[in-house]
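# Make a model of this:
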Amino acid sequence: MRIVDIEQAKADLTRLIAEAASGEPFVIAVDGKPLVKVIAADPPATATGRRLGFMEGQFTIPDDFDRLGAAEIETMFHQDG
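Numbers count the residues shown, from 1 in each chain. Okay, here's the model as predicted:
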């Protein structure tokens with residue numbers, strides 16, 4: 001693993017970070033003594049997407065679910081003030 005003096009790290013930080021992010025970690029040293037190791041962070045967990053069917057069999061949907069409460073809703077629209 002490459003050791004970089006802190007002054008060089010300050011001067012080349014953008015490039016060093018880009019290299020670390022692409023899989024080339026490095027150590028920052030002060031007076032030749034290792035101080036910190038810079039490595040790429042773990043990538044964020046990717047969403048697995050929608051899990052279709054994961055609740056299958058746990059409930060039922062009535063055949064008229066899209067008409068539930070239709071009479072009450074129609075009454076509300078046709079009320080006078």
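
# helices or strands next to the helix or strand of the chain with the lowest mean pLDDT in the packing?
Every helix and strand in the chain was compared by mean pLDDT, DSSP states H and E; the lowest is helix 70-77, with a mean of 90. The helices and strands touching helix 70-77, judged by 3 or more Cβ pairs under 8 Å, 6 or more residues apart in numbering; DSSP states H and E, number zero. Quick note: C-beta positions are derived from backbone N, CA and C, even for glycine.

# Quick one: distance of that helix to the chain centre.
From the chain centre to the centre of helix 70-77 is a distance of 43 Å (Cα atoms, centre = their mean, to the nearest Å).

# repeat for stretch 16-24
Here stretch 16-24 is found 21 Å from its chain centre; the criterion is Cα atoms, centre = their mean.

# likewise stretch 5-16?
Put simply, stretch 5-16 sits 29 Å off its chain's centre (Cα atoms, centre = their mean).

# for stretch 15-27, same thing?
Taking mean C-alpha positions (Cα atoms, centre = their mean), stretch 15-27 and its chain are 22 Å apart.

# Stretch 71-81 now?
Stretch 71-81 has its C-alpha centroid displaced from the chain centroid by 46 Å (Cα atoms, centre = their mean).

# Can you name the element that comes right after the helix or strand containing Thr14?
Per DSSP states H and E: Thr14 is located in helix 13-21. Next helix or strand after helix 13-21 toward the C-terminus (DSSP H and E): strand 26-30.

# what packs against that following strand?
Applying 3+ Cβ pairs under 8 Å, 6+ apart, one finds that strand 26-30 makes contact with strand 2-5, helix 6-11, helix 13-21, strand 33-38.

# Okay then, goodbye and thanks.
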